[in-house]
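>>> quick one: sequence and predicted model below, then my questions.
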Amino acid sequence: MNMTVCKFGGTSLADGNNIRRAAEIVLSDPSRKFAVVSAPGKRYSDDVKVTDLLYESFKESRGKDRCGEAFAKIRKRFLSIVAELGLNFDITPILDRTEADIAASGSADFAASRGEYLNARIVAVLLGWEFVDAKDIIFFDEKGAFDEKRSYPLIEARLSAAKHAVIPGFYGTGADGEIKTFSRGGSDISGSIVARAVNADLYENWTDVSGFLACDPRIVQSPEKIEVISFKELRELSYMGANVLHAEAIFPVRKGDIPIKIKNTFRPDDAGTLILPSKKYTPHGNIVTGIAGKKDFTVIFLEKSLMNSEIGFARRALSILERERINFEHMPSGIDTLSLVIESKYLKDGVLDRLIDEMKAELRPDYIRVLEDIALVATVGHGMAKNVGTSARLFAALSDAGVNVRMIDQGSSELNIIVGIDNEDYEKCVRAIYREFFEKK
Ligand code: ASP
């Protein structure tokens, strides 16, 4: 029989009603053997997530021997969830213990992890499934990275002994033996790790949206839904996935060739989006799968005659960024030119001027120019490589819309074309590309 690992996000588990709905989903398909859960999310738009209350409560407990008001809110939240579900489960002693431990522990990660811990305890009682604590099966190494060598065999062994299990997401045990969390939204990563460890056939990620859309619905009204996308395409569209799926969540399952299905807890019959490993993916229909982008980049353009024969030029340019601990996004180049595309947020407070000075001194370019307020728009699709004239269509559409293209970067995989444009042309650019590839077809 197929085996599915399902993960439920915070909104899906925000209150008793939502948790009951999620439990019905879990139990409606016997292939769902393991469930990974987040802490309760927001119930309404200006509500506060339990994880945020936990960070708050950690701060309040500093220098005191007990938690304050924030923990009182957390307590109320969990008590009402148990009451709404009508569970015969006395959570009060667990909450008392948690409050004392947060005040005693001195670790923000420990405090933050308790939302997942408490919610998983409740969901396990509701489903009648075993609770398996992530601290016993998910480990981090000395560098703080997920320790797959240590964790996978432990997860596999522990879960193969269980018929069903509920596992709290977001945390594990650090190299120092203390609780450590992934970055925010990290329960998606935990779900992916569990799916990989048990070699699941599918990793289902239940959220509050019906999958990915072909572009931002704030820019194009009701864009098409993406029914199937490859891991590679999704990675290229990473600017778009941020709110739906944690960017790092694709890596564990991708290595195990396990598909991810994004589903909507509140509209379970919607198809959702299926994310497939490249070898299981055949491009279909659309030339373009999706369009995504982001504003506020800076391009540093360097020109030097015979740059192509100067050994180590690019390495020296990049080592300046490395020294300043700055990420770069893209590095388009020509025979005598090199551009570095960097998120502007890294270049504030004099950092840009310092970089330019260092580049002038160490690279001796003939010319150096800085373009600010640049937006990047990525047009992505496996179909692009096979269809002659795709880039001609894209650039004609942009020119018809009056968008001035400041930079072009096409990955050699022919999976994407990235254009750099002025921030103010961003929406116009996305609309023009969408119109060309989705409305004209
Ligand atoms: N509860 C954690 C957060 O709010 C992790 C998660 O939801 O995945 O970031």
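Looks like it came in fine.

>>> helix or strand with the lowest mean pLDDT in this protein?
Counting by mean pLDDT, DSSP states H and E, the weakest-scoring helix or strand in the chain turns out to be helix 238-241, with a mean of 72.

>>> element containing the residue nearest to R267 when sequence neighbours are not counted?
If you skip the residues right next to it in sequence, R267 has S210 as its closest partner in space, 5.7 Å away by CB to CB, 6 or more residues apart in numbering. C-beta coordinates here come from the backbone N, C-alpha and C atoms, glycine included. Counting by DSSP states H and E, no helix or strand carries S210.

>>> now do P153
With DSSP H and E as the criterion, P153 is inside helix 148-160.

>>> try I193
I193 is part of helix 187-197 when elements are defined by DSSP H and E.

>>> on the C-terminal side of that helix, identify the next helix or strand.
Next along the chain after helix 187-197, taking DSSP H and E as the criterion, comes strand 202-207.

>>> picking that back up, burial of the residue nearest to R267, as a residue count?
S210: 18 surrounding residues under other CB atoms under 10 Å.

>>> give me the contact list for the helix holding P153.
Applying CB atoms under 8 Å, 6 or more residues apart in numbering, the external contacts of helix 148-160 come out as 34, 132, 136-139, 141, 165, 172, 193-194, 196-198, 252.

>>> please apply the same query to stretch 37-44.
With contact meaning CB under 8 Å, 6+ apart, stretch 37-44 is reached by 7-15, 48-51, 54, 77-78, 81, 114-116, 118-120, 123, 166-170, 187.

>>> next one: stretch 93-109
Identification of contacts with stretch 93-109 by CB under 8 Å, 6+ apart yields 54-55, 57-58, 61, 64-67, 71, 74-75, 78-79, 110-111, 114, 117-118, 121, 171, 174, 178-181.

>>> can you select the buried ones among those residues for me in ChimeraX?
In ChimeraX syntax, the buried subset of those is picked out as below (16 or more other CB atoms under 10 Å):
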select :54,55,57,58,61,67,71,74,75,78,110,111,114,117,118,121,171,174,179,180,181
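
>>> what are the phi and psi values at P332?
Recorded main-chain torsions at P332 are phi -70, psi 150, according to degrees, to the nearest 10.

>>> so how far is K428 from it?
Here the criterion is CB to CB, to the nearest Å. By it, P332 lies 22 Å from K428.

>>> just K440 next, same as before
Taking CB to CB, one finds K440 at 17 Å from K428.

>>> okay, these two: which has more neighbours?
K428 (16 against 8).

>>> and the residue of the stretch 301-441 of the chain found nearest the ligand, what does it touch?
Going by CB to the nearest ligand atom, the ligand is nearest to K345 of the stretch 301-441 of the chain, at 20.6 Å. Residues counted as contacts of K345 (CB under 8 Å, 6+ apart) are D296.

>>> what residue ranges in the stretch 251-400 of the chain score low on pLDDT?
Applying pLDDT under 70 to the stretch 251-400 of the chain picks out no residues at all.
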